[in-house]
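Peer 1: what follows is a predicted structure for the sequence shown.
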Amino acid sequence: MLYNFSEFFKDEKEYLLDEFLERYTSHINLSEDSYHILIERYKDIFDIFHRSFELEEILVLFENLAKYEISLEHPYIIITNEIFSLKNMLINKIKSTHTNSSIFDFLSLFNDINNKIAKIYLDTYVEKISSISNIRINSMSDLINKNIIKYYEAHLVWLIDIAKSIASNREDNYPELDSSKCDFGIWLNNEAKDIIKNNSKLKTIKSLHNNIHFFGDKIKSHIVKDEYHIVITYLEKCELLSLSIGTEIALIDNILMNTKITKDSLTGAMNRNALESVFESQYELSLATDNSFVLAMCDLDYFKKVNDTYGHIAGDKMLKLFVDVVKKFIRNSDIIIRYGGEEFIIILPAILKANGFKVFEKIRKEFEESFLNIDSQEVRTTVSIGLVEVKPEYYYKKQFLNEYVNIADQKLYMAKNGGRNRVEVH
């Protein structure tokens, strides 16, 4: 079909382009070169509206635009919002002439454009889903100790199969859509009941799992109709739900790990010799579930003075008191390790730096207010804390542990030099 809307935009090309770029594009993080290329893409699009053109001609221009924006990692909603704004801006010019047939043709054209962009984005997203899921599976395969996280791998494979089914667009190629019949669902409805003792947690995971299958079924019904924009939304839901399931399973995995590792007989914290394997496992789990975790180095202030003044038994009790305070504010899935003497390393999985800081501030304040009663005297001290957020992006390397411990230790040093009894964040 031949389109021609040139009569509606007479001598307004430059004005319309400038208005659009100013009002509807916002790429503040782009380099000057990238933004210039984006402008050139839009110039080509505005140029075509000032002459006759075939559908395929304009689809190629929007395909170039979409692929470039995708290469810049612009979200689908940003790309489509720009196109929606462009359509509305141009159609308002057409409406002023009151030609209904032209409006109908214009809307039909943009329907084809939107579907083209959705298909391009979906194809790229499907490749990304498969690639990232394989990375997550590989990261879990390197875990030293696997408890129940291995069952989550089955649903990453399921997600990859969904992506493959979208790519092939074949109805007979879908993974199991019944949530009770997939490998993870079978485990969840049987052995999981004896492993996940918390009924509320089990219900949460079951709900997440049912929802991911619900959206998987929706994908199947819409992909055969070529409704790519809807499929994108449902696939995004599937990925987010998959990560949520992974996070829940990883936290339970940590709880099981906590019960198995040998504890320090004095404080109940893990022994230092567990640190390397615990950190590696946490790193791999976080990479697999796209989560950050927090590592903190804690050192009791003036601990030698407690020992020298009240004796080593008092010192031992003070260490136990600190661990007891910590346990009041951390989850069963969190990890506390006695690093040496009066130093402890605490790892909080699936948490961002800001929330981690809040947890350690509560610990710091509570410990400051706590005391031992020795010979009718209140014996107190405080704790200094250095905190670093770990956001895994690469496969695990042995040097990562020392690197992050050193960063936390540097922040601990700053806390000590800053007056003690404080939390310093990297």
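Peer 2: Sure, I can see it. Numbers count the residues shown, from 1 in each chain.
Peer 1: what is the burial count for residue 360?
Peer 2: 24 (other C-beta atoms under 10 Å). Using the backbone N, CA and C atoms, a C-beta is placed for each residue, glycine as well.
Peer 1: where does the stretch 201-350 of the chain have low pLDDT?
Peer 2: Scanning the stretch 201-350 of the chain for pLDDT under 70 picks out nothing.
Peer 1: what about the strands in it?
Peer 2: 293-300, 335-340, 343-348 (DSSP state E, counting those that start in this stretch).
Peer 1: which residues touch residue 65?
Peer 2: 38, 41-42, 45 (C-beta atoms under 8 Å, 6 or more residues apart in numbering).
Peer 1: same thing but at 7 Å, please
Peer 2: 41, 45 (C-beta atoms under 7 Å, 6 or more residues apart in numbering).
Peer 1: please apply the same query to residue 121.
Peer 2: Residue 121 touches 66, 70, 76, 79, 232, counting by C-beta under 7 Å, 6+ apart.
Peer 1: check which helix or strand it maps to.
Peer 2: helix 100-141 (DSSP states H and E).
Peer 1: tell me what the helix or strand just after that helix is packed against?
Peer 2: Counting by DSSP H and E, the next helix or strand C-terminal to helix 100-141 is helix 149-168. Secondary-structure packing of helix 149-168 (3 or more C-beta pairs under 7 Å, 6 or more residues apart in numbering; DSSP states H and E): helix 100-141, helix 183-188, helix 199-223, helix 228-260.
Peer 1: out of the strands of the stretch 201-350 of the chain, which is closest to residue 367?
Peer 2: Residue 367 lies closest to strand 293-300 among the strands of the stretch 201-350 of the chain, at 8.4 Å (C-beta to C-beta).
Peer 1: check which helices and strands that closest one is in contact with.
Peer 2: Partner elements for strand 293-300 (3+ C-beta pairs under 7 Å, 6+ apart): strand 343-348, helix 353-369, strand 383-390, helix 399-417.
Peer 1: and the nearest residue to residue 123 once chain neighbours are set aside, how far from residue 127?
Peer 2: By the measure of C-beta to C-beta, 6 or more residues apart in numbering, the closest residue to residue 123 outside its immediate chain neighbours is residue 167, 7.3 Å from it. Using C-beta to C-beta, to the nearest Å, residue 167 is found at 8 Å from residue 127.
Peer 1: ok, these two, which is more surrounded?
Peer 2: The neighbour count for residue 167 versus residue 127, taken as other C-beta under 10 Å, is higher for residue 167 (16 against 12).
Peer 1: didn't that one look like it was pressed against residue 126?
Peer 2: Yes - with contact defined as C-beta atoms under 7 Å, residue 167 and residue 126 form a contacting pair (5.2 Å).
Peer 1: mind putting the helices and strands packed on helix 149-168 into a markdown table with distance to residue 314?
Peer 2: Output for the helices and strands packed on helix 149-168, formatted as a markdown table (distance: least, C-beta to C-beta, whole Å):
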| stretch | distance to residue 314 |
| --- | --- |
| helix 100-141 | 45 |
| helix 183-188 | 49 |
| helix 199-223 | 39 |
| helix 228-260 | 28 |
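Peer 1: which one of these lies closest to residue 177?
Peer 2: Ranking those by proximity to residue 177 (C-beta to C-beta) places helix 199-223 first, at 4.8 Å.
Peer 1: what's the closest one packed up against?
Peer 2: Applying 3+ C-beta pairs under 7 Å, 6+ apart, one finds that helix 199-223 contacts helix 149-168, helix 183-188, helix 228-260.
Peer 1: tilt between the longest one and helix 199-223?
Peer 2: Calculated by axes from the mean of the first three to the mean of the last three C-alpha atoms, to 10 degrees, helix 228-260 forms an angle of 160 degrees with helix 199-223.
Peer 1: setting aside sequence neighbours, what's the nearest residue to residue 76?
Peer 2: Leaving aside its chain neighbours, residue 76 sits nearest to residue 121 (5.1 Å; criterion: C-beta to C-beta, 6+ apart).
Peer 1: and that neighbour, how far is that from residue 60?
Peer 2: In this view, residue 121 and residue 60 are 16 Å apart by C-beta to C-beta.
Peer 1: now do the helix holding residue 121 against helix 228-260, angle only.
Peer 2: Here the directions of helix 100-141 and helix 228-260 differ by 20 degrees (the same axes, to 10 degrees).
Peer 1: how much does helix 100-141 deviate in direction from helix 149-168?
Peer 2: 150 degrees.
Peer 1: now do helix 100-141: distance to the chain's middle.
Peer 2: Put simply, helix 100-141 sits 21 Å off its chain's centre (C-alpha atoms, centre = their mean, to the nearest Å).
Peer 1: now do stretch 253-272: distance to the chain's middle.
Peer 2: Its chain's C-alpha centre and that of stretch 253-272 lie 28 Å apart, by C-alpha atoms, centre = their mean.
Peer 1: show me what it is in contact with.
Peer 2: With C-beta under 7 Å, 6+ apart as the criterion, stretch 253-272 contacts 145, 147-149, 274, 278, 281, 285, 316, 319-320, 323, 332-333, 335-340, 344, 349.
Peer 1: buried subset of those residues?
Peer 2: If you count burial by 16 or more other C-beta atoms under 10 Å, the buried members of those come out as 147-149, 274, 278, 281, 285, 319-320, 323, 333, 335-339, 344, 349.
Peer 1: in this protein, which residue is most central in space?
Peer 2: The chain has residue 290 as the residue nearest its centroid, 4.5 Å off, counting by C-alpha atoms, centre = their mean.
Peer 1: kindly provide the distance from it to residue 156.
Peer 2: Residue 290 is 12 Å from residue 156, by C-beta to C-beta.
Peer 1: same question for residue 263.
Peer 2: For residue 263, the distance to residue 156 equals 32 Å [C-beta to C-beta].
Peer 1: of those two, which one has the most company?
Peer 2: residue 156 (24 against 16).
Peer 1: run through the residues that contact that one.
Peer 2: Contacts of residue 156 (C-beta under 7 Å, 6+ apart): 133, 136-137, 242.
Peer 1: in JSON lines: those, plus neighbour count.
Peer 2: Shown next, in JSON lines, are those (neighbours: other C-beta atoms under 10 Å):
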{"residue": "133", "neighbour count": "23"}
{"residue": "136", "neighbour count": "24"}
{"residue": "137", "neighbour count": "16"}
{"residue": "242", "neighbour count": "24"}
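Peer 1: quick check: of the residues you listed, which lies closest to residue 250?
Peer 2: Once C-beta to C-beta is applied, the member of those that ends up nearest residue 250 is residue 136, at 11.0 Å.
Peer 1: quick check, that closest one in contact with residue 288.
Peer 2: Yes - the criterion here is C-beta under 7 Å, and residue 136 meets it with residue 288 at 4.2 Å.
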